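Asks: Fold the following and give me the result.
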Amino acid sequence: MVDSSIKLSEEKVFKDPVHGYVHVRDKLIWDLIGTREFQRLRRVKQLGTTYLTFHGAEHSRFSHSLGVYEVVRQIIDEVFEGQPDWNEGERMLSLCAALLHDLGHGPFSHSFEKVFDLDHEHFTKKIILEDTEVNRVLRTVSPDFPQRVAEVISKTYHDKLVVSLISSQIDADRMDYLQRDAYFTGVSYGHFDMQRIMRVMRPKEDHVVFKSSGMHAVEDYIMSRYQMYWQVYFHPVTRSAEVILTKILQRVKALFRDDYPFKKEPVHFRSLFEENVTLQDYLKLDEPVILYYFHMWEEEEDLILRDLCRRFMDRHLFKYVEFDPAEQYRTLRELEELFRKAGINPEYYLAVDSSSDLPYDFYRPGEEEERLPIHLLMPNGELSELSRESSIVQAISGKRRTDHKLYYPEDILLDYSENRELKQQILSILKKF
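Replies: Just a heads-up that it's a prediction; the model follows:
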């Protein structure tokens, strides 16, 4: 076994637009960064299709993962050091979990997962635990070290304080991606005073707490998160691109099952279609590979696949209208029937997309996806749940906001000339949404 505390002969740094520098002093961390599985994250965008809305959003899971590592490094080396509730023996475990937490993300993460019924956390664990370069590096610490790292990432590790550093309502993961995504999209919403938040963080038994003097910085963080979700992550144009991406993958899957003779055979997708994907199959998938296929499928004989791929590659996206599932379900069914009469397949050209977010929640034991609350450390030493002290947070606590959009190809409808009456009927219905 190798001593995990071994330092590099000279500190390595990555110049970073968010944190200034990412500092690497530990040989174990440097070796993990150099593995092929971690380097693969350079070829997976952090924000999927968002670059089609905010052109600067080209940053990768690689840079985000380094950022999360750096936030955790600062917390445990500069804030928690010497604190009675912090176990210094968990330092390297915390750093490795922070660095590797997104290791299993696939291309265009969430759309890809939805179509093929995959889970990136499942593949993160497989990369850490199975025969990979990452696993071999981790095993130099001890035979059970990969398992411990996987448990932290899957939130089952016994030391909940370590888990909370990368998975809680205010953690290093969110503190990095809010600022990083704001920087690369060019918006101002995601900025907050991270240095102030870190100064008031304290380790407390099984979770992180915050001195009450820093409450306003925590409020700012929560409001930044709220704004980023609705102004960036759930942007309707980005969702239009995701709808088309999803429809491409669904169409290819259907064609494959029907033995369609592809000009460009989807070799990299075969195990996904056959539902026997191995870890090595999965690791060969990245966004350049997917975009290569999309580019080639622009020349396919299948009109739907060809059109959808051209739309995605050339950014000819679907238009959208507001949609209320409770009130307009029957109207949607009527619209689907009219699309069929017009020769437009509603399975690929009419889609409802829903987004939902809960910006902050207090503890609701037993509920699905229960969230541990943020606690403030009061001057008298007692803990108080954040929404009890903050009227701003109280106003949004436990309130889930949901938004529904109906997406359709306006250009096809406007160009449709076979039945003028049918065309006007469809456009008239869409105007009512």
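Asks: Moving along the chain from the longest strand anywhere in the chain, name the first helix or strand you hit.
Replies: Identified as the longest strand of the chain according to DSSP state E is strand 7-16. Following strand 7-16 in sequence order, the next helix or strand is strand 20-26 (DSSP states H and E).
Asks: Listing partners with orientation, what would you give for that following strand?
Replies: As defined by DSSP bridges, the strand partners of strand 20-26 come to strand 7-16 (antiparallel).
Asks: What are the contacting residues of the strand it pairs with?
Replies: For strand 7-16, contacts defined as Cβ atoms under 8 Å, 6 or more residues apart in numbering pick out 21-27, 30, 63, 66-67, 70. For the C-beta atoms, the positions are set from N, CA and C on the backbone; glycine is no exception.
Asks: switch to 10 Å and redo it
Replies: 20-31, 33, 62-63, 66-67, 69-70, 176, 180 (Cβ atoms under 10 Å, 6 or more residues apart in numbering).
Asks: again with stretch 248-268
Replies: So stretch 248-268 is contacted by 108, 111-112, 114-116, 269-270, 272-274, 281, 284-286, 289-290, 292-302, 304-309, 311-312, 345, 347-348 (Cβ under 10 Å, 6+ apart).
Asks: Pull out the buried residues from these.
Replies: By neighbour count, with 16 or more other Cβ atoms under 10 Å, these hold 108, 111-112, 115-116, 269, 272-273, 285-286, 290, 293-294, 297-298, 300, 302, 304-305, 307-309, 311-312, 348 as buried.
Asks: any idea which element Leu99 lies in?
Replies: helix 91-100.
Asks: how about the strands of the protein, start to end?
Replies: 7-16, 20-26, 201-204, 207-211, 319-322, 351-357, 375-377, 383-385, 401-408.
Asks: Can you add mean neighbour count and give those strands back as TSV?
Replies: Shown next, in TSV, are the strands of the chain (neighbours: other Cβ atoms under 10 Å):
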stretch	mean neighbour count
strand 7-16	12
strand 20-26	17
strand 201-204	19
strand 207-211	20
strand 319-322	16
strand 351-357	16
strand 375-377	21
strand 383-385	16
strand 401-408	18
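Asks: Let's have the ones you listed in CSV, adding mean pLDDT.
Replies: CSV is the format used below for those (pLDDT from 0 to 100):
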stretch, mean pLDDT
strand 7-16, 96
strand 20-26, 98
strand 201-204, 94
strand 207-211, 94
strand 319-322, 95
strand 351-357, 90
strand 375-377, 94
strand 383-385, 93
strand 401-408, 93
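Asks: so which of those comes closest to Ile128?
Replies: Proximity to Ile128 (Cβ to Cβ) singles out strand 20-26 among those, at 17.5 Å.
Asks: how about the strands of the chain, which one is nearest His235?
Replies: The nearest among the strands of the chain, by Cβ to Cβ, is strand 351-357 at 9.4 Å.
Asks: what about the longest helix in the chain?
Replies: Counting residues, the longest helix found in the chain (DSSP state H) is helix 236-257.
Asks: Tell me the gap between that one and the middle of its chain.
Replies: Chain-centre distance of helix 236-257: 18 Å, with Cα atoms, centre = their mean, to the nearest Å.
Asks: likewise stretch 306-317?
Replies: Using Cα atoms, centre = their mean, the offset of stretch 306-317 from its chain centre is 23 Å.
Asks: Let's see that stretch as PDB, backbone CA atoms only.
Replies: C-alpha atoms of stretch 306-317 as PDB (Å, rounded to 0.1, in the frame of the first residue of the first chain):
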ATOM      1  CA  ARG A 306     -32.500  13.400 -41.200                       C
ATOM      2  CA  ASP A 307     -34.700  16.400 -40.400                       C
ATOM      3  CA  LEU A 308     -34.100  16.100 -36.600                       C
ATOM      4  CA  CYS A 309     -30.400  15.800 -37.000                       C
ATOM      5  CA  ARG A 310     -30.200  18.800 -39.200                       C
ATOM      6  CA  ARG A 311     -32.300  20.800 -36.800                       C
ATOM      7  CA  PHE A 312     -30.000  20.000 -33.900                       C
ATOM      8  CA  MET A 313     -26.700  20.500 -35.800                       C
ATOM      9  CA  ASP A 314     -27.900  23.800 -37.400                       C
ATOM     10  CA  ARG A 315     -29.900  25.000 -34.400                       C
ATOM     11  CA  HIS A 316     -33.300  25.100 -36.200                       C
ATOM     12  CA  LEU A 317     -35.200  24.500 -33.000                       C
END
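Asks: Grab the nearest non-local neighbour of Tyr320.
Replies: Nearest non-adjacent residue to Tyr320, counting by Cβ to Cβ, 6 or more residues apart in numbering: Lys405, 4.4 Å away.
Asks: What's opposite that neighbour in the beta bridge?
Replies: Glu322, Asp353.
Asks: what about the helices in the stretch 201-350 of the chain?
Replies: 215-228, 236-257, 270-273, 279-283, 287-297, 303-314, 325-341, 346-349 (DSSP state H, counting those that start in this stretch).
Asks: Tell me which residues touch the nearest residue to Phe108 once chain neighbours are set aside, please.
Replies: Computed as Cβ to Cβ, 6+ apart, the closest residue to Phe108 that is not its neighbour in sequence is Gly48, at 4.7 Å. Applying Cβ under 10 Å, 6+ apart to Gly48 gives the contacts 57, 105, 107-112, 233, 238, 241-242, 245, 287.
Asks: and of those residues, the nearest to Val152?
Replies: Looking across these and measuring by Cβ to Cβ, the closest to Val152 is His105, at 17.2 Å.
Asks: Can you name the residues that contact that closest one?
Replies: Contacts of His105 (Cβ under 10 Å, 6+ apart): 40-41, 44-46, 48, 61, 64-65, 112-113, 120-121, 123-124, 286.
Asks: same thing but at 7 Å, please
Replies: 44, 61, 120 (Cβ atoms under 7 Å, 6 or more residues apart in numbering).
Asks: For the second one, the count of nearby residues, please.
Replies: By that I understand Arg61. Residues near Arg61, counting by other Cβ atoms under 10 Å, number 24.
Asks: nearest residue to it other than its sequence neighbours?
Replies: Arg61 sits nearest to Leu41 (Cβ to Cβ, 6+ apart), 4.0 Å away.
Asks: so that neighbour touches Ser63, yeah?
Replies: No. Using Cβ atoms under 7 Å, Leu41 makes no contact with Ser63, being 8.5 Å away.
Asks: Tell me which of those two has more neighbours.
Replies: Taking neighbours as other Cβ under 10 Å, Leu41 and Ser63 compare with Leu41 leading, 22 against 19.
Asks: how near is that one to Leu66?
Replies: 9 Å (Cβ to Cβ, to the nearest Å).
Asks: so what pLDDT did Ser224 get?
Replies: Per-residue pLDDT puts Ser224 at 92.
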